[in-house]
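Colleague: my questions are about this predicted structure, shown below with the sequence.
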Amino acid sequence: MSKIGNGLSRMIRWNVARALPRVDAEVNELGRDAFISEARTSSLLDTSYGRGSELENQRLWKRNDLGILGRCRLEDRPFAHYENNQLDYYYRIQNTRNAYPITSTVQAVLVHDVSHVMGRRDAMLSREICKALSQIEDRPWNTWLRKDPKREFGIRPISPTSLGHILRAGGTGITTHNVMRNNVSGTHVFHKDLEDMLKRYPKAPDLDVTLYTREPRYISATYLKNSGLWGRGRSCGIHYNLGELQDYLVDPWPMLKARESLKQIVYCVGNDYWHKPLSRNAVVKIGFSEDLKNFASRLRHYRCSSHMPANPIVHWAILAPTRLLLEKRLHNIYMDRQVDSVGRGKCGGEMFETSPKRWSSRRMFEDAVKIVESYGHKYKVLKEGDFNKSQRKMATACLWA
């Protein structure tokens, strides 16, 4: 039951079966932790990109479920709801040109690092301190200076000028001294100037490195909402995580929160004269209806339209919880037997070629029951006698296996 079926037109507007191998190839090349742009994601999914696209519709419903869609203009509301089916998306934030914020936490961390670099020395040249600081991992000193396009500077480590600026910012009383020391002239840092800060912070505080990096970082919409930071970075590019995208395509129709009061009828209909071209095997349709009245109306439609060349036979029909998405799970299992892709043919992707044993309608029924029971839900096998008088009249000439 792990096969992937074609895209679900009511919830997903792209072909899942075609998208999955593309995403798998991308994961093999870049890894599951990689992030890709919205344009690249739409290319892999073979769907539209930009304003009004399916990815944008999914994002808007994601924001709706997070409780923040009300801030959007009314015309931005999407026309389809991807219930419990939204990919989490990320804002890419990369600080290459703005200076890092100088806080007391940064100063305390820097003082501890400088003290560690100086060791037992009472004074040390600022340029030597900066060289040693740039070698410390998990610190922002190696990327402290931002890009300067006017001077054609790239990202650079902390400089003696920046070191002195950070140490004395906020009136700490720490200053650097341009003196001759041990026959060496230059800007020096004296350890005695650091002692007040070291007493105030006996231990170096934790520094949020994500705020002090020139590398791109990705913040999910869910995190922004839960952390109360929504609104930051919304002008930045939208990205998706490859691993999450791969998992999403493996199970694009997760079982929604079960509500036993909501039921649907999943059925299998066909007849002995409905065949796939160039094949002797019969074709059946696996579909769903909201209730018995709708099911009877569907059967009349099949009998009175060109969908079937003869009166339809109901091979089986069961009543199961709506949110199990049983119909689509069955479509996944029998993907290889689909006669038409979604959006093509008179019945879309709901028609399947059977065979006498392995792909029989009986096996499809057994798989349907197995799925329902695996989730601990109850179901009812429907019979013609479950129709009332008007429904039986509507479904006249339809046969039950």
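Modeller: Structure's in. What do you need? This is a predicted model, so every value here is computed, not measured. Numbering: from 1, shown residues only.

Colleague: any low-confidence regions in the stretch 201-350 of the chain?
Modeller: 227-236, 253-261, 307, 323, 340-349 (pLDDT under 70).

Colleague: next up, the contacts around residue 364.
Modeller: 268, 284, 286, 315-316, 330, 334, 352 (CB atoms under 8 Å, 6 or more residues apart in numbering). Quick note: C-beta positions are derived from backbone N, CA and C, even for glycine.

Colleague: where do the helices sit along the chain?
Modeller: For the chain, the helices defined by DSSP state H occupy 16-30, 38-45, 54-65, 104-118, 126-133, 160-168, 195-200, 221-227, 242-250, 292-304, 326-333, 361-374, 389-394.

Colleague: adding distance to residue 276, write those out as JSON lines.
Modeller: Below are those laid out as JSON lines (distance: least, CB to CB, whole Å):
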{"stretch": "helix 16-30", "distance to residue 276": "18"}
{"stretch": "helix 38-45", "distance to residue 276": "28"}
{"stretch": "helix 54-65", "distance to residue 276": "30"}
{"stretch": "helix 104-118", "distance to residue 276": "69"}
{"stretch": "helix 126-133", "distance to residue 276": "72"}
{"stretch": "helix 160-168", "distance to residue 276": "73"}
{"stretch": "helix 195-200", "distance to residue 276": "80"}
{"stretch": "helix 221-227", "distance to residue 276": "44"}
{"stretch": "helix 242-250", "distance to residue 276": "27"}
{"stretch": "helix 292-304", "distance to residue 276": "17"}
{"stretch": "helix 326-333", "distance to residue 276": "17"}
{"stretch": "helix 361-374", "distance to residue 276": "15"}
{"stretch": "helix 389-394", "distance to residue 276": "29"}
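
Colleague: if you compare these, which one is most tucked away?
Modeller: helix 326-333 (a mean of 22; mean count of other CB atoms under 10 Å).

Colleague: name the helices or strands packed onto that one?
Modeller: Judged by 3 or more CB pairs under 8 Å, 6 or more residues apart in numbering; DSSP states H and E, the packing partners of helix 326-333 are strand 263-275, strand 282-289, helix 361-374.

Colleague: got the CA positions of it in PDB?
Modeller: Taking Å, rounded to 0.1, in the frame of the first residue of the first chain, the C-alpha atoms of helix 326-333 are listed here in PDB:
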ATOM      1  CA  LEU A 326     -10.000   5.800   1.400                       C
ATOM      2  CA  GLU A 327     -10.700   6.500  -2.200                       C
ATOM      3  CA  LYS A 328      -7.300   8.100  -2.800                       C
ATOM      4  CA  ARG A 329      -5.500   5.400  -0.900                       C
ATOM      5  CA  LEU A 330      -7.000   2.800  -3.200                       C
ATOM      6  CA  HIS A 331      -6.000   4.900  -6.200                       C
ATOM      7  CA  ASN A 332      -2.400   4.800  -4.900                       C
ATOM      8  CA  ILE A 333      -2.400   1.000  -4.600                       C
END
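
Colleague: that helix to helix 16-30, inter-axis angle?
Modeller: Counting by axes from the mean of the first three to the mean of the last three CA atoms, to 10 degrees, helix 326-333 lies at 60 degrees to helix 16-30.

Colleague: how far off strand 263-275 does helix 326-333 point, in degrees?
Modeller: Going by the same axes, to 10 degrees, helix 326-333 makes 40 degrees with strand 263-275.

Colleague: isn't residue 160 right up against residue 167?
Modeller: No: assessed by CB atoms under 8 Å, residue 160 is found out of contact with residue 167, at 10.7 Å.

Colleague: would you mind listing the residues touching both of those two?
Modeller: Common neighbours of residue 160 and residue 167 (CB under 8 Å, 6+ apart) are residue 176.

Colleague: beta partners for residue 268?
Modeller: Residues in a beta bridge with residue 268, per DSSP bridges, are residue 286, residue 316.

Colleague: burial measure for it, as a count.
Modeller: By other CB atoms under 10 Å, 23 other residues sit near residue 268.

Colleague: care to break this protein down by domain?
Modeller: 16-91+216-250, 104-209, 263-400 (automatic domain parsing).
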